[in-house]
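S.K.: Quick one: sequence and predicted model below, then my questions.
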Amino acid sequence: MAFNPLDWILGLFSLDVGIDLGTANTLVFVRNKGIVINEPSWVAVDKRTREPMAVGLKAKEMMGRTSGNIVAVRPVRDGVISEFNITRDMLNYFIGQVHEQSIVPFARPRVIIGIPAGVTEVEKRAVYDAAMSAGARDAYLIEEPVAAALGAGLPVADVKGSMVVDIGGGTTEVAVMSMGGVIVARSLRVAGDEMDQDIVQYIRTKYNLLIGEGVAEQVKMKIGSAYPLPQEKTMEVRGRNLVTGLPESIEVSSVEVRDALSGSVQVILDTIRDALDEVPPEVVADLMDTGICLAGGGALLLGLTDRLADDLNLRVWQAEDPLTCVARGAGVVLSDFEGMRHYLVSLERGSTRHRAA
Ligand code: ADP
Ligand code: MG
């Protein structure tokens, strides 16, 4: 592209941000800076006024500990906005933080924001409107698998097919791409949160012990796995005994946790297999070279790559820094906005009204 000095100067004073509005974590990428915000997608809300009291990590820490009039909520459930006003307030807060750190504090940013592949027009519009009402100058949407693939450095523009499985908190997104577009996509509501629930259920059934979701998540991250570990591990878990009603601590092993997670892992596996069934044979042949790239926090589950590779007979690999792929992918588009515009999703004209949260 020809160098245009005016564009270059304007570029210095414009604020371009990419947002990964995840069900579990929200990340904000700023052009020329990188990721500046990486916080849980949680908001603590005053029930009477619906005013946000805390956002991000502070709000997540209140989970299961709030009382009276304050409730900690995740406004993005199952990958789409379930609470419009709270999502807008959360974005507003994060964009405000970007401003505080910025040399152009009053610039209204151009925003690229990720959406799951195959969401409805109304859902797209909700994300767009939330970004605009949070102070964006322009908002653009990108399908999360495309952003994840760009962030993972996959040859998305190539005719050769590539595949991404993004396992987040609320949803797992499976996508096969070729020539910059998604050719087969699957989305399922089994991902990190469901795995946490699996662990809660397992410990409840086996030990009569009730543990919190946050504790279950810790167990999953520390000793959860999808394939036998070279050295199995154990961990102490605290909760309330359902028979005595008293606090109790037990030791659980990675073998037990793998058992607890096996159902969810199987569902993810079946969905990938189902997507592969629909892929044209030429692209299947490509995938034998390019393999399957895992992104999202769920990609970090120990042994998941080995388990999937064994069952699918394909090379399965973890993206570098899987939790940040979508945000970095949005950043890739921001680095050459005009050249990469075709990766963005267009929005139908007309407006949609939202129910107040
Ligand atoms: P989202 O895009 O939905 O916000 P993320 O990609 O941020 O989701 O991933 C968050 C999920 O990843 C959570 O369910 C979290 O528990 C899970 N996760 C993070 N680290 C690990 C780990 N080491 N092992 C297993 N799961 C993990
Ligand atoms: Mg995600």
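M.R.: Sure, I can see it. Ligands and ions are numbered 1, 2, ... in the order given.

S.K.: which bits of the stretch 1-150 of the chain sit near ligand 1?
M.R.: Proximity of the stretch 1-150 of the chain to ligand 1 (C-beta under 6 Å from any ligand atom) is limited to residues 22, 23, 24, 25. From N, CA and C alone the C-beta is placed, and that goes for glycine too.

S.K.: Go again with 8 Å.
M.R.: 20, 22, 23, 24, 25, 26, 27, 41, 76, 79, 144 (C-beta under 8 Å from any ligand atom).

S.K.: and the protein, which residues reach ligand 2?
M.R.: Selection of the chain residues close to ligand 2 by C-beta under 5 Å from the ion yields 22, 168.

S.K.: do that again at 8 Å, thanks
M.R.: With C-beta under 8 Å from the ion as the criterion, the chain comes near ligand 2 at residues 20, 22-25, 79, 114, 144, 148, 166, 168-169, 171, 173, 295-297, 326.

S.K.: between the residues of the stretch 1-150 of the chain next to ligand 1, which is nearest ligand 1?
M.R.: Compare each of these with ligand 1 using C-beta to the nearest ligand atom and the shortest gap goes to residue 22, at 2.0 Å.

S.K.: Can you list phi and psi of the closest residue in space to that closest one that isn't next to it in sequence for me?
M.R.: Spatially, and ignoring its direct neighbours in sequence, residue 22 is nearest to residue 168 (5.4 Å; C-beta to C-beta, 6 or more residues apart in numbering). Recorded main-chain torsions at residue 168 are phi -100, psi -150, according to degrees, to the nearest 10.

S.K.: Cross the residues of the stretch 1-150 of the chain next to ligand 1 against strands and list the overlap.
M.R.: Among those, the members falling in strands (DSSP state E) are 20, 25, 26, 27, 76.

S.K.: neighbouring contacts of stretch 19-27?
M.R.: For stretch 19-27, contacts defined as C-beta atoms under 8 Å, 6 or more residues apart in numbering pick out 28-29, 35, 37-41, 56, 74, 76-79, 87, 90-91, 94, 111-114, 127, 131, 144, 147, 168-171, 191-193, 297, 323-324, 326-327, 330.

S.K.: show me what contacts the closest residue to residue 213 other than its chain neighbours?
M.R.: In space, residue 213 comes closest to residue 196 once its chain neighbours are excluded; the distance is 5.2 Å by C-beta to C-beta, 6+ apart. Taking C-beta under 8 Å, 6+ apart, we find residue 196 in contact with 213, 216, 217, 220.

S.K.: would CSV of these with distance to ligand 1, pLDDT and secondary structure be doable?
M.R.: As requested, the contacts of residue 196 are exported to CSV (distance: C-beta to the nearest ligand atom, whole Å; pLDDT from 0 to 100; DSSP: H, G, I helix; E, B strand; the rest coil):
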residue, distance to ligand 1, pLDDT, secondary structure
213, 10, 92, helix
216, 9, 98, helix
217, 5, 97, helix
220, 5, 98, helix
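
S.K.: From those residues, list the buried ones, please.
M.R.: For the contacts of residue 196, burial is judged from neighbour counts taken by 16 or more other C-beta atoms under 10 Å, and it is met by 216, 217, 220.

S.K.: want to throw those residues into a markdown table with distance to residue 305?
M.R.: Listed next are the buried ones among the contacts of residue 196 as a markdown table, based on distance: C-beta to C-beta, whole Å:
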| residue | distance to residue 305 |
| --- | --- |
| 216 | 23 |
| 217 | 21 |
| 220 | 16 |
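
S.K.: Please identify which of those is nearest to ligand 2.
M.R.: residue 217 (15.7 Å; C-beta to the ion).

S.K.: State the distance from the closest one to residue 201.
M.R.: When distance is defined by C-beta to C-beta, to the nearest Å, residue 217 is 14 Å away from residue 201.

S.K.: and what of residue 42?
M.R.: When C-beta to C-beta is the yardstick, residue 42 and residue 201 sit 23 Å from each other.

S.K.: So the two - more neighbours on which side?
M.R.: More neighbours sit around residue 42 than around the other of residue 42 and residue 201, counting by other C-beta atoms under 10 Å; the figures are 26 against 13.

S.K.: wait, doesn't residue 71 sit right on residue 48?
M.R.: No - counting by C-beta atoms under 8 Å, residue 71 stays clear of residue 48, with 10.6 Å between them.

S.K.: More neighbours: which of the two?
M.R.: Between residue 71 and residue 48, residue 71 has the larger neighbour count (other C-beta under 10 Å), namely 16 against 9.

S.K.: Could you grab the helix/strand/coil label for the more buried one?
M.R.: Counting by DSSP: H, G, I helix; E, B strand; the rest coil, the backbone at residue 71 sits in strand.

S.K.: if we can go back for a sec, find the residues that touch each one of residue 217 and residue 201.
M.R.: Counting by C-beta under 8 Å, 6+ apart, residue 217 and residue 201 have no contacts in common.

S.K.: Around the nearest residue in space to residue 17 that is not next to it in sequence, how many other residues sit close by?
M.R.: Distances taken as C-beta to C-beta, 6+ apart place residue 109 nearest to residue 17, at 4.7 Å, with adjacent residues excluded. The number of residues packed near residue 109 is 26, by other C-beta under 10 Å.
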